[in-house]
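**Q** Here is a sequence together with a model predicted from it:
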Number of protein chains: 2
Amino acid sequence: MGLDDRKLAVLRAIVEDYVATQEPVGSKALVERHQLGVSPATVRNDMAVLEEEGYIRQPHTSAGRVPTDRGYRLFVDRLSRVKPLSPAERRAIERFLVGAVDLDDVVHRTVRLLAQLTRQVAVVQYPSLARSSVRHLELVPISTTRLMLVMIADTGRVEQRLVELPAPVPADDVTDLRRLVNEKLVGSRLSETPPLVQALVDESAPHLRGAMTTLSTVLLETLVERHEERIALAGTANLTRGGLLDFQGSLRPILEALEEEVVLLKLIGETQPSTTRVLIGDENEVDNLRAASVVSTGYGPGATIVGGLGVLGPTRMDYPGTIATVRAVARYVGDLLAQN
Amino acid sequence: MGLDDRKLAVLRAIVEDYVATQEPVGSKALVERHQLGVSPATVRNDMAVLEEEGYIRQPHTSAGRVPTDRGYRLFVDRLSRVKPLSPAERRAIERFLVGAVDLDDVVHRTVRLLAQLTRQVAVVQYPSLARSSVRHLELVPISTTRLMLVMIADTGRVEQRLVELPAPVPADDVTDLRRLVNEKLVGSRLSETPPLVQALVDESAPHLRGAMTTLSTVLLETLVERHEERIALAGTANLTRGGLLDFQGSLRPILEALEEEVVLLKLIGETQPSTTRVLIGDENEVDNLRAASVVSTGYGPGATIVGGLGVLGPTRMDYPGTIATVRAVARYVGDLLAQN
DNA sequence: ACTGGCACTCGCTACAGTCGAGTGCCAGGC
DNA sequence: GCCTGGCACTCGACTGTAGCGAGTGCCAGT
């Protein structure tokens, strides 16, 4: 792969121009707009090599070049520096997140902020229950055979679920149940809960066992499992920028994918390390999103990660800028959670 | 306005054909597909009158006719009967809603069901807090100066909010606060709450007054006000059916409108009587939605209404079918809530 | 190894011509 | 008086042709 420095510079120039203009870029325009110090003919030769290597391609024989997914990949990995945020953006972030009163509020503000700053579709995962620990469990009697189970996590997340008891349970027993589950479970991570919950059932007094069993089932089935991951979404209207040129003319598959929580979680929820993840076009496992790119990262108080957030846009996006924004927002949100 | 029966029949035929084919309909095709018993020439004369009255129009001089918003309005008001649901649809509704475990679950299932059946964008408002009454209020101490206020409404809705207390409050006082707010507020409608809450502050013992004041503020400000209305949305991908022919080629304004909760509430939240409301194109107050129609209705246990639900689609939609589906789903959801 | 020149490709636009669906109008018939 | 068949007309959709120009690949020359 004889990709000398100049060829890389050419690739970078192509990506930058194409992202800016949304039009295939030719050799002549390239030398005019960037100081490459060589003639169009030379650039053409370089382009031929780049095309052969699969970094760029020609939409039509007589058109300029367009980066391929592979080209964007190389650009992101080796040719771009993360743009520092403008002071204006910095201020926007701070102003937007100050005054959040609630976890719900934080998440909603964040997703809107992210959509607005990047001008793309923003996705924010609520702090994952699997990565939270229990701060408090509350049992509220609704009737003699129904309880409302409310779980408050240390991340501020609150989940509730109706529990149908197999038999009527008197108020005193509810008090006992409440005390028991709190004694055993408060402070423990939900992902490590199953054995604890089992022990809870085994150790409870006979007259509580029936209620405790259904209670534990609900806890395990609905609160611990992935099913209860939550997602906030904003900025879908941004998909229509670039008037159907992006996404090869059909928003349909994208919108469909965005309606599936499972898909969204896959996109932004699997961020383990604190690095920012960039998925470009094809690299995406979801078929519907092969015309899109995703920039995502984890967030959380301090160094721990409790959830993911990111944005989705056309492969033709401003990667350095987007990456910088996503990171910055994640950091601010993490700080906000840390104060909690 | 000399709109005799035949002219109305012609209008009905035009609407039905246009909705089915999505193409301007001409006089010849009309007499072929409907038994009007007259010749194309006669139909043409009728069409000329209908056009003069503003019920239909010609997109181009040499094209067929297309209904105007006014034409759809007349069609909906006087020319269509509500289609009975097919047994298949009936079954789909039942199957879909059975097994809902939670209010959240009910709402999510409902909105997806509605989107799927009507093949349009579905919107479901959570039971309005203003129309609910308090079943229980729970105060969970997070720290000495922070409480989590959890409100459970009789509609099954659960809202929580963090309360920052002005001064540390010992556990015993929290118990007192909990008892007081529950004694006073349980059973009352939230819309009628303000005086009760005020009384609560006035009557509380001096050492509780500070905490009670902020508590009441939170109750009033965030739980009672419109701000806390919630909305579920599904089926945005359906906007892309009809490949950009609907919505005059731009989804942008629609998607923007759908991101604004306030707008959605205006659309479906203002349903007072139990009748189904149909807003066609221009009739809509939201500028962004002047190319769309909305069919909405209220739902609730029995005859009371606790929230709204509906669908949004192109003005060119199957009104009778959509109206029938929306009504049926609303009724089923109401029944489901009544069982609660 | 780079550059200028040149022939070539091919999409885009404009233009002319044809086709046909659909209309409006009018004279004639029930 | 209302309906009908006929006829001339309009105009969008489609087709084919031609010219333009951006952009390329290649080659010979420095």
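**A** Alright, I've got the coordinates. Residues are numbered from 1 along each chain as shown, chains lettered A, B, ... in the order given.

**Q** in the top strand by length along chain A, what's buried?
**A** Ranked by residue count and defined by DSSP state E, the top strand of chain A is strand A:134-143. Buried residues in strand A:134-143, counted by 16 or more other CB atoms under 10 Å in any protein chain shown: A:134-142. All C-beta atoms are positioned from the backbone trio N, CA, C, and that covers glycine.

**Q** Would you convert the residues you listed into TSV that also reports distance to B:H108 and pLDDT?
**A** Shown next, in TSV, are those (distance: CB to CB, whole Å; pLDDT from 0 to 100):
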residue	distance to B:H108	pLDDT
A:V134	25	89
A:R135	26	90
A:H136	26	91
A:L137	24	91
A:E138	23	91
A:L139	24	92
A:V140	22	89
A:P141	26	89
A:I142	21	88
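
**Q** about what we covered before: note down every partner strand of the next helix or strand after the longest strand of chain A and its orientation.
**A** Per DSSP states H and E, the first helix or strand lying C-terminal to strand A:134-143 is strand A:146-153. With DSSP bridges as the test, strand A:146-153 is paired with strand A:134-143 (antiparallel), strand A:158-164 (antiparallel).

**Q** quick one, what contacts A:K7?
**A** A:46, A:49-50 (CB atoms under 8 Å, 6 or more residues apart in numbering or on different chains).

**Q** Can you name the next helix or strand after the lowest-mean-pLDDT helix or strand in chain A?
**A** Scoring the helices and strands of chain A by mean pLDDT, DSSP states H and E places helix A:193-203 at the bottom, with a mean of 83. Using DSSP H and E, the helix or strand that directly follows helix A:193-203 along the chain is helix A:206-218.

**Q** Rounded mean pLDDT for that next one, please.
**A** Throughout helix A:206-218, pLDDT has a mean value of 88.

**Q** What are the buried residues along it?
**A** A:208, A:211-212, A:214-216, A:218.

**Q** and the angle from it to strand A:158-164?
**A** Interaxial angle, helix A:206-218 versus strand A:158-164 (axes from the mean of the first three to the mean of the last three CA atoms, to 10 degrees): 130 degrees.

**Q** Helix A:206-218: how far from the chain's middle?
**A** Distance of helix A:206-218 from the chain centroid (CA atoms, centre = their mean, to the nearest Å) equals 36 Å.

**Q** Where does pLDDT dip in the stretch 201-340 of chain A?
**A** Scanning the stretch 201-340 of chain A for pLDDT under 70 picks out the ranges A:222-227, A:243-245, A:248-249, A:270-274, A:340.

**Q** Show me the helices in it, by range?
**A** Assigned by DSSP state H, counting those that start in this stretch, the stretch 201-340 of chain A shows helices spanning A:206-218, A:252-259, A:261-268, A:319-339.

**Q** thinking again about what came up before, can you list contacts of the least confident helix or strand of chain A?
**A** Helix A:193-203 has contacts (CB under 8 Å, 6+ apart) with A:134, A:180-181, A:184-185, A:188, A:209, A:212-213, A:216, A:219-220, A:224.

**Q** Quick check: which of the helices of the stretch 201-340 of chain A is nearest to A:K83?
**A** Nearest of the helices of the stretch 201-340 of chain A to A:K83, taken as CB to CB: helix A:319-339 at 4.5 Å.

**Q** Tell me which residues of that closest one come out buried.
**A** Buried residues in helix A:319-339 (16+ other CB under 10 Å): A:319-330, A:332-334, A:336-337.
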